[in-house]
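K.L.:
need a structure here:
(4 chains)
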There are 2 protein chains.
Amino acid sequence: MRVKQIADALEISADSVRYYTRIGFLVPSKSHNGYKYYRPADVTRLRFILSARSLGFSVNDIKEILFTSSQTNAPCPTVRRLIEQRLKETEQRYQDMHKLRLRMRKAMSEWENTPDQHPTADTICHLIEGFTALKS
Amino acid sequence: MRVKQIADALEISADSVRYYTRIGFLVPSKSHNGYKYYRPADVTRLRFILSARSLGFSVNDIKEILFTSSQTNAPCPTVRRLIEQRLKETEQRYQDMHKLRLRMRKAMSEWENTPDQHPTADTICHLIEGFTALKS
DNA sequence: GGTAAACCTGTGTGTTGCTCACAGGTCAAT
DNA sequence: ATTGACCTGTGAGCAACACACAGGTTTACC
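P.N.:
All right, here's what the predicted structure looks like:
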């Protein structure tokens, strides 16, 4: 299979496949014209990569998992350790995003009843500067 | 003020100040030894930048707002338009993160009762591959 | 005056996970 | 042979900073 074929098969962009190839996750064979040819093993591998990505693992995590697995060791302990870390980070970012979301909503509704104003010597935008001045 | 002083005053890293300077948001004067010196106007400007960032505006948004404001136009319409876009994006990412978070939690709890397993010819990590196989 | 350590500086590069631009190659139809 | 559609790999770009590094500055002490 060539790059677009494997990309279409797994419903991702050809550029993504090229990326995973570039970082060594996929190792296609090269034909006479320089094109890269992917084999069924690459499909399995790519499918695994996508599954892991969709579970929040980073590319570096995947590298570690692939390496462990290639040593014929069970990667499960590594996977359990990593998902715990990633979940913790995700919860944190989720909280942060939640707060940001509320701030943005509050600003938007507040600004609906605030008249426009021209910038002055020490004011760039009174909406923004006025809003955050109230916050802790 | 030199870079670290202004950074400490606004509780951000000196590297962030350097970044904003590099992209032209701050325009310090240069002294004989090549050091950059920031004036009170830069503090005002930086404070504005941080307020905007904390409201979810991108650096590019801020560039647009600063430009409008420098033309002595009221940047308010621009600001209203931008926050609406950014809020929409934030809501979307919030939803995505929520789903990811649930998937990760589900995977983690599911894997607590799943035994380790060595990789095989067509299995890299049965935890990951087994989990996502169930998903839509 | 000297000098050593602590602290600070600007510039250049690295980060994540891809996406985009581009110059050229391939292939089927004419 | 030649047109046109489609495909290819490589290199650069993105966001918003953080980091590495070689060297300059300042302070404390003799």
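
K.L.:
show me the contacts for residue A:110.
P.N.:
Residue A:110 makes contacts with residue A:131, as judged by C-beta atoms under 8 Å, 6 or more residues apart in numbering or on different chains. Where C-beta positions appear, they are placed from N, C-alpha and C, glycine not excepted.

K.L.:
what's the spacing between residue A:111 and chain B?
P.N.:
Applying C-beta to the nearest C-beta, to the nearest Å, one obtains 6 Å for the distance of residue A:111 from chain B.

K.L.:
What of residue A:7?
P.N.:
As defined by C-beta to the nearest C-beta, residue A:7 lies at a distance of 19 Å from chain B.

K.L.:
just checking, that residue touches residue A:14?
P.N.:
Yes - the criterion here is C-beta atoms under 8 Å, and residue A:7 meets it with residue A:14 at 4.3 Å.

K.L.:
These two: which is more packed in?
P.N.:
In this view residue A:7 and residue A:14 are compared by other C-beta atoms under 10 Å in any protein chain shown, and residue A:7 has more residues nearby, 19 against 14.

K.L.:
what's near enough to touch that one?
P.N.:
Under the criterion of C-beta under 8 Å, 6+ apart, the neighbours of residue A:7 are A:13, A:14, A:16, A:17.

K.L.:
Buried subset of those residues as a PyMOL selection?
P.N.:
The following PyMOL selection, which keeps only the buried ones among the contacts of residue A:7, applies the criterion 16 or more other C-beta atoms under 10 Å in any protein chain shown:
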select buried, chain A and resi 16+17
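
K.L.:
Now do the domain split for chain A, please.
P.N.:
Under automatic domain parsing, the residue ranges defining each domain of chain A are A:1-54, A:56-136.

K.L.:
Now do the shortest one, average pLDDT.
P.N.:
To tie it back to what came earlier, the one meant is domain A:1-54. Per-residue pLDDT over domain A:1-54 has a mean of 94.

K.L.:
any idea how far the residue sitting furthest away from the middle of chain A is from chain B?
P.N.:
Among the C-alpha atoms of chain A, the one most distant from their mean position (C-alpha atoms, centre = their mean) is that of residue A:121, at 41.4 Å. Taking C-beta to the nearest C-beta as the measure, residue A:121 and chain B are separated by 9 Å.

K.L.:
Look up phi and psi at that residue.
P.N.:
Backbone torsions of residue A:121, given as degrees, to the nearest 10, read phi -60, psi -40.

K.L.:
who are the neighbours in contact with it?
P.N.:
Counting by C-beta under 8 Å, 6+ apart, residue A:121 touches no other residue.

K.L.:
pLDDT wise, what is it at?
P.N.:
With respect to pLDDT, residue A:121 has a value of 85.

K.L.:
want to try TSV for the contacts of residue A:7, with secondary structure and distance to chain B as columns?
P.N.:
Formatted as TSV, the contacts of residue A:7 follow (DSSP: H, G, I helix; E, B strand; the rest coil; distance: C-beta to the nearest C-beta, whole Å):
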residue	secondary structure	distance to chain B
A:13	coil	18
A:14	helix	22
A:16	helix	17
A:17	helix	17
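
K.L.:
Which of the contacts of residue A:7 sits closest to DNA strand D?
P.N.:
Nearest to DNA strand D among the contacts of residue A:7: residue A:14, at 5.1 Å, using C-beta to the nearest atom of the strand.

K.L.:
ok, residue A:126 touching residue A:115?
P.N.:
No - applying C-beta under 8 Å as the test, residue A:126 and residue A:115 come out as separate, 9.4 Å apart.
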